[in-house]
Each structure stands twice: as structure tokens, then as C-alpha cells.
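Undergrad: here are the coordinates; sequence isn't available:
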């Protein structure tokens, strides 16, 4: 394996606040692969919530902070498709009129990777030696799938997990209805979307739904819990890092 | 423009969601056409990359729109047709109404046309005593029912077979049947009489070609061909963007249009019309008018953020994949254009502030972009519209949103710039959340406004006792000690 690699971790604000064990799982996976992990302290949010709401000056403020913090990184790795899509696609556009920042944004965009994309496409790692007992289905988050074109990588990683039975759900690529502030401002539409997603997950017979974006997973898990369904919603890093990372309220 | 109801998006969406018949119909439509269109793009001899070629063709056409329209108009006039450039919906409608008055029109037959829905043509003609009959089967059904289209290509998708049966019993006086061929037959018989008696034919334009000087229409029922050849007068209404330079470019767009609209290699009837009947011809109208409708399109053309919207040829492929459209239905969008295309073009045509819920009430999932036959980046324009709402924009007459929302985002930007403060707030939230009603594993049952929308149907996750930031700091300290 490529022992000389070093990654700089960007932990999305949702993971940081609501599922820190997913970020710890990312660290554990890299350490097992012999990849050095850095974490610039002082990181908060990539700016995506403000950007999606139309507040570009506010998004730029967060983006500048991000770009300064990660300027020296060899590779920025982030366990979220939508944050990486923000950095890769929207940062260069946000700084269209500021040549120095635009240049930095472009360079950073080219060095920023989503977690599973980095594992499979850059490190060439698929079998991470993890095990997970149970039947698992995968939800394609919109920005990971359509924004970054990452579809096969997470599936290949999951298929190599010992004891894990992988099943595809119907319409795995259909939006779960999260959409950030959308889920709060347009709850009726958001609810209708997540209700269908839950039905498809149930139909698949999976005991856990796995994904690469915590926003979707919290939306799905919130709906699962409200219905009292015993299906779990896990970040893919939690599955790949080993079972102690996917336990309820895990504190490995 | 009349009939704009974009401010009712939220309540109309709720009504659509509550309608299980609509959900079944839209789910069936999306399963057939949504997946089918993606497959049809893959099967193109040139491959799915033809959409990017088409995008470039459209961009070039839009950049040269003035020249192309001039050339198209010159050729049509050379063939004895009339061309009228309408700056507004009102101008376009009065031109049509004036032609009808001058020719003493009593009965008009119409081919399916979204731009005439946009400009509100039918009510004005009806008010001057012209009977206007829609001849596309779906449009005919909703006209009989007194409704508006809920899909650009399948306007009556929200009606069930039973509803159509009831409607035909009442309006056409036929015996009750739910057999689609019999219902179609009844409509055809009624419509044939109208075709033969009409003095005016009205159509839209799918695409026009400047090089040849033709407009063209595409249908599967043959109704547009009859509507445009049988009556003495034909008026075609065209959004000013629907022109391409050359016939070889037109051919690419036509193939993509048919795949995007209905998963067909080509529509059953593709007609090319360049003017009125020539002396040596036996069929066709005595008079031909092309009304080129601006109605706000020049403003899109002038704005690089939204110019791309003029590349749209209204194939409706985006409706057939949009998860939001698939739940709320077309009427929620409050105007002629629904789905992702409607969410962008309707606010631009009818008012951004008024249509703010169309701009914000989408998940940005990107399925529309992948489905678009012209490879248009609709999510990008939704984001631009949101930015325009937040910051305001004088050229679009939009005041900044400001208020509490504006202040909240300023506060947010301050917080994410001060990690200490940010971490402190998360600590406080982790403590305070215990006061909220919660269930298993601390998941919150009910959040206060403005976040209550989430807990309407979902539990909300508790903030972790220790963030990753804090865990990492602790780990670093331990490593330092070790």
C-alpha cells in the first residue's frame, strides 16, 4: 500500500456536531492503511449552507477560511460528497472576480477528494479488512453521485466487507428529500420524499442503510426513528472502520 | 400575464402530495419516461455526448439570435407569410386577436402550445366570441374539464381514466366507457368536426430553422398538422429563442427533443411550415402568421447568469426525473411551465420575488441536469436565483430578502469564522437539548420554530456530547503526554 501518503482531513460541520464517530472512523481507516492524517484545528464549515441559501458573501467568508486552512495540504479528504462538490465546483465560481483567491480555489479544488473516491481512485484500496454482520443497502446522495460522479467506489468498498450482505434498493439514486434548509422550510415536500426512500429501504430488506453524506443519513434516520423502525443509518466510514465504530452512540 | 399563482406553491404542493391518484400517475410516468430517456440518450449513434453538442448549438444560436430571427423572418416574408415580433404577452395576444377579428373567425382549432398558455391567448379570443378548441387529446381533456396543463408534454397526466370517462359522458354525451380506444375515438369524432369547420388554426413552434426559413411542429396525434393545414388562416406562436441556424443543427435538436419528450427516435408527425399555401399547392392556409414572442426573454438574454435558460426547448425530460415534481405535480408551480424548467423560467418570466418558493423549494439534487436534452445546468440557475433573492437585484426589480433571515446568515458567517465561539455554541446546544422532548438515544421529538418543520415528521439528532474537534484536541494532548 502507499505508506508515504498524507491526507488532511476536513470534517463536515454535520459530522463534527452530530456523528463525530464517523470522522474518527475515517481516521482509523487511514491509520490502518498507513496514511498519515492531519487535521487543521480551527476548521468549521465549508460554506455550503449559506451558498445554497443564496448568501454568497457569507459563503465566501467561510470559503476563504477553508482555503487558508487547507492551502498547504497535499490532499484534502472529506467524508461528504456535497462538501467536496462545494469546494470542487462552487469555490472557483465564487471567486470568479478575485484572481488570487480564484487561483487558490482552483488548486484546492483539484486536491480535494471525497473519502471513498480517495480510497478507491487514489489509493487503489478496496479491501480494508473490515467486517460487518448484516444486510446493507446503499443510498446514493445527490451531490456525491451526480455532483462528483461517485457511484461504484462505495459499492466496491462495501462488497469487500466480510459478513456484509449487500443489496441494492429500488431508486437508490433518488433524492431523500434532505436538501439542507429545504428540509426545514418545505417540510411537506421533504417528508413526501423521505417517506418513499424509507419504503424502498424497507423493501430491500436491509438492516442498515449506508451513505456518504451525513445530511441525507440524518434525514433518513430521523424518519426511521419516528416510525420506530429498527433499520440503522450509517456513514460508510463507520462500516469500513470496523464494528466498534458503528455501535449505537459509539465512543471508540 | 394573468393566471400567475406562484405564491401558492407551498399550499398547492401540499394538495398535490395529498393526492394518491396523482402520485400513482406521476410515479408511472417517471418510471417509464425518466429511465427510458436516459437509455435513449445512451443508444444515440453519437452517444450521450450529443447533448453537449446540442448545448453548444443552442449557445451559438442564442448568441446570434437577432441575426437568426431576422433571416427566418425574411424567408417567411419572402414566401408570403407575415411575421410579427411581440415584445410582450399583451402584444402577442392582441395581434392574434386582431387577425381573428379581421378574418371574422368564429372557430379556432389549436395544436398544443405552451407559449400560448404563457401569454394567455385562449381567454382573450373567447372574450371576443371565438370558440377555441384544443385538439391535442390531453389538452382537449383538460379544456373540457376547465383545468390547466400539469405537465408540458402530458398535460392531463393528473386525470384518471374514470375522470375522463365521466367528463366525456357529460361533455360529449357518449355512453359511459373507460376503454381508452373508445374514449379516444369519441374525442376524435368530436374534434374532426371542429377541424373541418374551423376558420383559424393556432399552433406553437417546437423549433425553427433560419437557413431554410421553416418553423416546425412535432406531434404524435397528427392534430397539429390538421390544425395548421385545414383552416384558412394559421397563426404560429413561437418563443423568440426557438431558432437554430442550420438544418443539420436542427436535425440534432429534433432527435434529442423527441428522446427527451417521449423516448422516441422521432415524433410521428414532424411538419415544416415556411409560409401560406402556394398557388400550385392544394393544401394549406391562405394566410400564415408567425408571432415571435419576447415577453421577458430579452431580459434573460441580457443576463449571463440566466441566458442559458433560453437554450431550453421545453422537451420536459426534467419533469420526468424530478423527485419534487413527482410528488407535488405540475399545478403547484402556478404557471404554464412546471417542474425544474418551471422553477427557473417561471420566476424569470413572472417575477422572482413572487416566485421565491419555486426557487427555494427544490432539493438541488441535479437529476434535471442529467436528464436535460440540451444539457442545461438548471441547478446552477436555481442557485443564481437564490443569490439574487438574498442580495437583491435592481435589474430584476428584486429587493434583498434581509430581515431576520439576512441577519441570521450574517451571524452564521461570524460563528463559522470563530471556531472557539462555534465550539462553545455546540457545547451549549448539547446541554440545552436535554430540555427538549426526546426519544431513543436522545433523538429530539419536537424542535421549536423556525426548525419545527423537521420534527413534523422526523426526529432530530442530538448534538454529540463531544464534537470531533474536541475529540481530536484531546487525542493530540494525550499523544503529547505519551
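TA: Cool, the structure landed. Everything numeric here is computed off the predicted structure, so don't read it as measured data.
Undergrad: so which strand or helix has residue A:155?
TA: Per DSSP states H and E: residue A:155 is located in helix A:152-159.
Undergrad: buried residues in that helix?
TA: For helix A:152-159, a neighbour-count test (16 or more other C-beta atoms under 10 Å in any protein chain shown) marks A:153, A:154, A:155, A:157, A:158 as buried. Heads up, the C-betas are built off the backbone N, CA and C, glycines and all.
Undergrad: between the residues you listed, which is nearest residue A:181?
TA: Nearest to residue A:181, judged by C-beta to C-beta, of the buried residues of helix A:152-159 is residue A:154 at 25.9 Å.
Undergrad: average pLDDT for the helix holding residue A:155?
TA: The predicted model gives helix A:152-159 an average pLDDT of 98.
Undergrad: gap between the next helix or strand along the chain from it and the chain center?
TA: Next along the chain after helix A:152-159, taking DSSP H and E as the criterion, comes strand A:162-166. Distance, stretch centre to chain centre, for strand A:162-166: 21 Å (C-alpha atoms, centre = their mean, to the nearest Å).
Undergrad: give me the sheet partners of strand A:162-166 and which way each runs.
TA: Using DSSP bridges, the strands paired with strand A:162-166 in its sheet are strand A:131-138 (parallel).
Undergrad: which residues touch the partner strand?
TA: A:154-155, A:158, A:161-169, A:172, A:201, A:204-211, A:236, A:239, A:242-243, A:246 (C-beta atoms under 8 Å, 6 or more residues apart in numbering or on different chains).
Undergrad: before we move on, the earlier item: using TSV, lay out the buried residues of helix A:152-159 together with distance to chain B.
TA: Output for the buried residues of helix A:152-159, formatted as TSV (distance: C-beta to the nearest C-beta, whole Å):
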residue	distance to chain B
A:153	18
A:154	18
A:155	19
A:157	21
A:158	22
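Undergrad: where in the stretch 351-482 of chain B is pLDDT low?
TA: B:482 (pLDDT under 70).
Undergrad: for it, which segments are assigned as helices?
TA: All helices of the stretch 351-482 of chain B, identified by DSSP state H, counting those that start in this stretch, fall at B:356-360, B:367-371, B:378-391, B:403-416, B:419-432, B:452-455, B:468-481.
Undergrad: what comes up buried for the fourth one?
TA: Of all the residues in helix B:403-416, those buried under the rule 16+ other C-beta under 10 Å are B:405, B:406, B:409, B:412, B:413, B:415, B:416.
Undergrad: closest to residue B:398 among those residues?
TA: Closest to residue B:398 out of these is residue B:406 (13.5 Å), distances taken as C-beta to C-beta.
Undergrad: wait, isn't the closest one in contact with residue B:400?
TA: Yes. Judged on C-beta atoms under 8 Å, residue B:406 makes contact with residue B:400 at a distance of 6.7 Å.
Undergrad: now do the strands in the stretch 151-252 of chain A.
TA: A:162-166, A:208-211, A:232-235 (DSSP state E, counting those that start in this stretch).
Undergrad: show me the contacts for the residue of the stretch 1-150 of chain A found nearest chain B.
TA: Chain B sits closest to residue A:54 of the stretch 1-150 of chain A, with a gap of 3.1 Å, by C-beta to the nearest C-beta. Contacts here follow C-beta under 8 Å, 6+ apart; on that basis residue A:54 touches B:383, B:385, B:386, B:387, B:388, B:389, B:390, B:391, B:401.
Undergrad: what helix or strand does residue B:183 sit in?
TA: Per DSSP H and E: helix B:180-197 holds residue B:183.
Undergrad: hmm, who's touching the next helix or strand after that helix?
TA: Per DSSP H and E, the first helix or strand lying C-terminal to helix B:180-197 is strand B:200-203. With contact meaning C-beta under 8 Å, 6+ apart, strand B:200-203 is reached by B:96, B:99-100, B:103, B:105, B:107-111, B:113, B:116, B:121, B:130, B:132, B:217, B:224, B:227-237, B:285.
Undergrad: please consider this matter closed, and thank you.
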